[in-house]
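S.K.: Sharing a sequence plus its predicted fold:
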Amino acid sequence: MKHDTIVVLDFGGQYAQLIARRVREQGVYSELLPWDAPEAEVMALAPKGFILSGGPASVYAPGAPQIPAYVLQSGRPVLGICYGMQALAHALGGQVAPAAAREYGLAWLEVVRANPLLPPGRHQVWMSHGDRIEALPPGFEVLGRTANSPIAAMGDLQRHYYGVQFHPEVQHTPIGGELLRRFAVHIAGARPTWTPEHMVDDIVARVRAQVGAEPVLAAVSGGVDSAVATALVHRAVGDQLRAVFVDTGLLRLGEREQVVQALQDALGVPLTVVDAQARFLERLRGVTDPEAKRRIVGETFIRVFEEAARALGQPRFLVQGTIYPDVIESRAAERPHAAKIKTHHNVGGLPDDMRFELVEPLRYLFKDEVRRLGEALGLPEELVWKQPFPGPGLAVRCLGEITPQRLETLRQADAIFRQELRAAGYLGKPRAEGPQPRVAQAFAVLLPVKAVGVMGDQRTYHEVVALRAVVTEDFMTADWARLPYDLLARAANRIVNEVPRVNRVVYDITSKPPGTIEWE
Ligand code: XMP
């Protein structure tokens, strides 16, 4: 079934992804494409309307991205946001200039003319811009203003062109969802029939068409994306699929059992569990350097996986849990050259010379949509709402030397901390009555130091556990979670009492930057 689509053209704004996501939340399917994507590719989606995102450039600067001609020639409604609004004004004969003062943060929008886009009244909006519209293009009227932007919203009600200087896609603009719904549904006439669950039939058909009767391999990591991708492909091709789960010995407590239960026992996915614990531990013996650990885990994983694939007859297709933000990110050309902080390694992140054709059933889904699909496919809530876990696993949380005993200590401490957080509603599926803000990631770290303590009148000299819990939207920056003292006290108390060889617990109060989320 084909769904009405709104195309978002990306001019490089920080929040461009969010626009597509918010439109989808209104029940209208939306895709984000680069502003200069080929016309044929964009028009193949038969967009009911276009949204132009924000962006860092100034429209009048040489070489600044402009609205492609076909967008205006299509006769479809257009909504420009921030830079998108300025590009619209520029293209249609208005005037854009640097504002006397940059406007950044909250502002009050006053709607000054009745119009189909903005609900009447005064609304809180989020601004972030340096340029502003000085003169309207012919045919446009001012729809709203703020203290610093006399033209904070404009529209040509005849041609269905609209522009807003503020960002409707961010949470700080409470009417944002309503505004996007009015644009997509009322102005562009897109039917709000879309839900992530609607993607299932479509994805199943696409996967079937791609792989035909050939065997398909899936690497299951224990995380949400690979589990949902595997469940979807299994629905599409049944036992043509073989899933492989590598037990590296670096997993959290109960993780292997959870995967076997969810995929093999509950859904009937043919799953091969490769127990490679001894091999990983052997390779990691005596290694303490973080980058060396990462490299060893990555390489060993590839070798083990290659062998498993060969044992299964070297299938031509490989399932990958790539999700929409990964696709958008890898498409964003000319990313500034970032300094290497850590070598990230993904389980399933395989080298290019491994010749598989990729099956990527989650390519068009955002993380929250993947979770919804996971639930609809019958995966357990605990798995679907799992927090992210790094590819190198506990190897980068067991600081210093990695031994089976130290890993066991870490696993137990980590399980207790996460249990307490889940019980208090900080982790797991969000509930309306739960605490805010929730924790994005939380775990225990075993430190490479020992401390003196006293237990039962005896001197102890044991290991130290650090607890880490962070609040973040995108994992690029993060703040340490202000957890209640009694929750921290309960976790610390349980850890020193229940976990052998631990006599001290500390809480990490470093934000990112300057810290990173993981310790190694
Ligand atoms: P850092 O520690 O860089 O972590 O602040 C940011 C996020 O990335 C996760 N992380 C990894 N994920 N492979 C992964 O798939 C890795 O090698 C890796 N290292 C860190 C980390 O858990 C956090 O969510």
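M.R.: Alright, I've got the coordinates. Keep in mind it's a predicted model, so treat the numbers as computed, not measured. Numbers count the residues shown, from 1 in each chain.

S.K.: Would you mind naming what in the stretch 51-200 of the chain lies close to the ligand?
M.R.: Within the stretch 51-200 of the chain, no position is adjacent to the ligand by Cβ under 6 Å from any ligand atom. All C-beta atoms are positioned from the backbone trio N, CA, C, and that covers glycine.

S.K.: Geometric centre of this protein: which residue is closest?
M.R.: Residue closest to the mean C-alpha point of the chain, counted by Cα atoms, centre = their mean, is K367 at 5.2 Å.

S.K.: Now it. Its backbone dihedrals?
M.R.: phi -50, psi -50 (degrees, to the nearest 10).

S.K.: wait, what's in contact with it?
M.R.: K367 sits next to 224-225, 323, 325 when contact means Cβ atoms under 8 Å, 6 or more residues apart in numbering.

S.K.: Of the residues you listed, which is the nearest to V449?
M.R.: V224 (33.9 Å; Cβ to Cβ).

S.K.: so that closest one touches Q387, yeah?
M.R.: No. With contacts counted by Cβ atoms under 8 Å, V224 stays clear of Q387, the gap being 9.3 Å.

S.K.: of the two, who's got more company?
M.R.: Legend: neighbour count by other Cβ atoms under 10 Å for V224 and Q387, higher for V224 (24 against 16).

S.K.: could you measure that one against L52, distance?
M.R.: For V224, the distance to L52 equals 32 Å [Cβ to Cβ, to the nearest Å].

S.K.: got it, and W385?
M.R.: W385 is 34 Å from L52, by Cβ to Cβ.

S.K.: swap in P513?
M.R.: Separation of P513 from L52 (Cβ to Cβ) stands at 32 Å.

S.K.: give me the element R181 is part of.
M.R.: helix 176-181 (DSSP states H and E).

S.K.: buried ones in that helix?
M.R.: Neighbour counts over helix 176-181 (16 or more other Cβ atoms under 10 Å) mark 176-181 as buried.

S.K.: just checking, what's the longest strand in the chain?
M.R.: strand 95-111 (DSSP state E).

S.K.: and that one, how far from the chain's centre?
M.R.: The chain centre lies 30 Å from the centre of strand 95-111; the measure is Cα atoms, centre = their mean, to the nearest Å.

S.K.: What strands flank it, and is each parallel or antiparallel?
M.R.: The pairing partners recorded for strand 95-111 under DSSP bridges are strand 122-135 (antiparallel), strand 141-145 (antiparallel).

S.K.: Give the residue spans of this protein that score low on pLDDT.
M.R.: 1, 331-353 (pLDDT under 70).

S.K.: which residue lies farthest from the center of it?
M.R.: Most peripheral residue of the chain (Cα atoms, centre = their mean): D457, 49.5 Å.

S.K.: Whatever residue of the stretch 151-300 of the chain ends up closest to the ligand is in what secondary structure piece?
M.R.: Going by Cβ to the nearest ligand atom, the ligand is nearest to R294 of the stretch 151-300 of the chain, at 6.0 Å. In this structure, R294 sits in helix 290-311 according to DSSP H and E.

S.K.: C-terminal to that helix, what's the next element?
M.R.: strand 317-319.

S.K.: Is the closest residue to P47 other than its chain neighbours in a helix, a strand, or coil?
M.R.: Sequence neighbours aside, V7 is the residue nearest to P47 in space, at 4.0 Å (criterion: Cβ to Cβ, 6 or more residues apart in numbering). Using DSSP: H, G, I helix; E, B strand; the rest coil, the structure places V7 in strand.

S.K.: again with R76
M.R.: coil.

S.K.: Next, the contact list for it, please.
M.R.: R76 neighbours (Cβ under 8 Å, 6+ apart): 47-50, 160, 188.

S.K.: Go ahead and confirm G105 touches H129.
M.R.: No. Using Cβ under 8 Å, G105 is not in contact with H129; the gap is 11.0 Å.

S.K.: Looking at the two, which has the bigger crowd around it?
M.R.: Neighbours were counted for G105 and for H129 using other Cβ under 10 Å; H129 has more, 21 against 8.

S.K.: what's the spacing between the more buried one and L92?
M.R.: Distance from H129 to L92, by Cβ to Cβ: 19 Å.

S.K.: Please apply the same query to A415.
M.R.: In terms of Cβ to Cβ, A415 sits 60 Å off from L92.

S.K.: and what of I51?
M.R.: I51 is 16 Å from L92, by Cβ to Cβ.
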